[in-house]
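Student: have a look; sequence and predicted model below, questions after that.
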Amino acid sequence: MTALDRDVLAERLVAAERERRTVEPSAKSLPLDEIAAYEVQRAVVGCVQERERTRIAGYKLGLTSAAKQRQMSVDRPVYGTLLSSRFHSEGLALDLASLIHPRVEPEIAVVMRGDLRGPGVTRVEAARAIGDAFAAIEILDSRYANFAFTLPDVIADNTSAAYFSSTTSGVPAQSLDLRTLGVVFEKNGEVVATAAGAATMGDPLVAIAWLANRLAECGCSLQAGHIVLTGGLTDAIAVAAGDVVAVTIARLGSLRLRFMSSLKEGPT
Ligand code: OOG
Ligand code: MG
């Protein structure tokens, strides 16, 4: 892949997000391998950073649970980049007007207390480097129709990232066994799914170590203060204006998000 191909693919995805429409997966016209796909993702993130004058808040893992891999027909995890401008505070309704076909999912988020640089990072090293854990919700919005993508396509599309939200007060993660934290996910007052922390790669710490090791492939690392979304714990569910979604995670508390739309018409 040339630098020009990379920038063309990135521009297409950025324009699709801005104009609230889907694009054909790029892997159809220009086959991407995973390494090239992460280069496209970095170019996409760079464009959005420039437009939104924002900084990298951390990283997210994706497709880490058996449920999500089955739902999206893929067989390995991926990572994406979180931007500060996309953090949504719990108290405000989230406006869906800029999104194409949003879905939400419950996650455990952690804030890094120390740096973590791969390769060779172990679960034990990941455990030492994390600070507080939070209950979180990720709001996804694929730039491909029906969320239908290959692994390189979803990587290029910054793993469908749109917004993320978390509880405001964290709990020191080193005092917790993240695997055994129970998760209750509700929409409009009804339980839609339940899970435990172990749904993400058997242990969120394994997911964080995997992330640090993959980031090392591009010379990147987790730094103190970075947020990590450790991966969706259940299937993602569609949301529309008027919906209220809540995630409750044992020891971490509850996060509730309300959705509205400042637009009357649906997506084009
Ligand atoms: C890709 C993003 C998946 C997760 O936590 O599994 C993800 C998608 O499903 O559109 O964020
Ligand atoms: Mg996610």
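Tutor: Great, that's in hand. Ligands and ions are numbered 1, 2, ... in the order given.
Student: any idea what the residue positioned nearest the centre of the chain is bridged to?
Tutor: Nearest residue to the geometric centre of the chain (Cα atoms, centre = their mean): Lys60, 4.4 Å. The partner list for Lys60 in beta bridges (DSSP bridges) reads Gly80, Leu229.
Student: how about it, what does it touch?
Tutor: Tyr79, Gly80, Thr81, Leu82, Glu107, Glu138, Thr159, Ala161, Phe164, Val228, Leu229, Gly231 (Cβ atoms under 8 Å, 6 or more residues apart in numbering). Backbone N, C-alpha and C define where each C-beta goes, glycine included.
Student: now with 6 Å?
Tutor: By Cβ atoms under 6 Å, 6 or more residues apart in numbering, the contact list for Lys60 reads Gly80, Leu82, Leu229.
Student: same list, these, but only the ones touching ligand 1.
Tutor: Restricting the contacts of Lys60 to those within reach of ligand 1 (Cβ under 6 Å from any ligand atom) leaves nothing.
Student: output those residues in a markdown table; the columns should cover pLDDT and neighbour count.
Tutor: Below are the contacts of Lys60 laid out as a markdown table (pLDDT from 0 to 100; neighbours: other Cβ atoms under 10 Å):
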| residue | pLDDT | neighbour count |
| --- | --- | --- |
| Gly80 | 98 | 22 |
| Leu82 | 99 | 23 |
| Leu229 | 98 | 32 |
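Student: mind checking how far the lengthiest helix in the chain is from the chain centre?
Tutor: For the chain, the helix with the greatest residue count under DSSP state H is helix 34-52. When distances are taken as Cα atoms, centre = their mean, to the nearest Å, helix 34-52 is centred 15 Å away from the chain's centroid.
Student: can you pull the buried residues of that helix?
Tutor: 36-45, 47-49 (16 or more other Cβ atoms under 10 Å).
Student: I'd like those as CSV, with distance to Ala216 and pLDDT appended.
Tutor: Output for the buried residues of helix 34-52, formatted as CSV (distance: Cβ to Cβ, whole Å; pLDDT from 0 to 100):
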residue, distance to Ala216, pLDDT
Ala36, 18, 95
Ala37, 17, 96
Tyr38, 12, 97
Glu39, 15, 97
Val40, 19, 97
Gln41, 16, 98
Arg42, 14, 98
Ala43, 20, 98
Val44, 21, 98
Val45, 18, 98
Cys47, 24, 98
Val48, 23, 98
Gln49, 21, 98
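Student: so which of the contacts of Lys60 also contact ligand 2?
Tutor: The subset of these within reach of ligand 2, by Cβ under 5 Å from the ion, is empty.
Student: list just the nearest of those to Val74.
Tutor: Gly80 (13.8 Å; Cβ to Cβ).
Student: I'd like the average pLDDT over stretch 84-93.
Tutor: Across stretch 84-93, the average pLDDT comes to 96.
Student: and whichever residue of the stretch 51-200 of the chain sits closest to ligand 2, bridged to which residues?
Tutor: Closest residue of the stretch 51-200 of the chain to ligand 2, Cβ to the ion: Glu138 (3.9 Å). Beta-bridge pairing of Glu138, defined through DSSP bridges, involves Glu105, Phe164.
Student: roughly how far apart are it and ligand 1?
Tutor: For Glu138, the distance to ligand 1 (Cβ to the nearest ligand atom, to the nearest Å) stands at 6 Å.
Student: and the residue of the stretch 1-150 of the chain found nearest ligand 1, how many neighbours?
Tutor: Going by Cβ to the nearest ligand atom, ligand 1 is nearest to Gly62 of the stretch 1-150 of the chain, at 3.1 Å. By other Cβ atoms under 10 Å, the residues close to Gly62 number 27.
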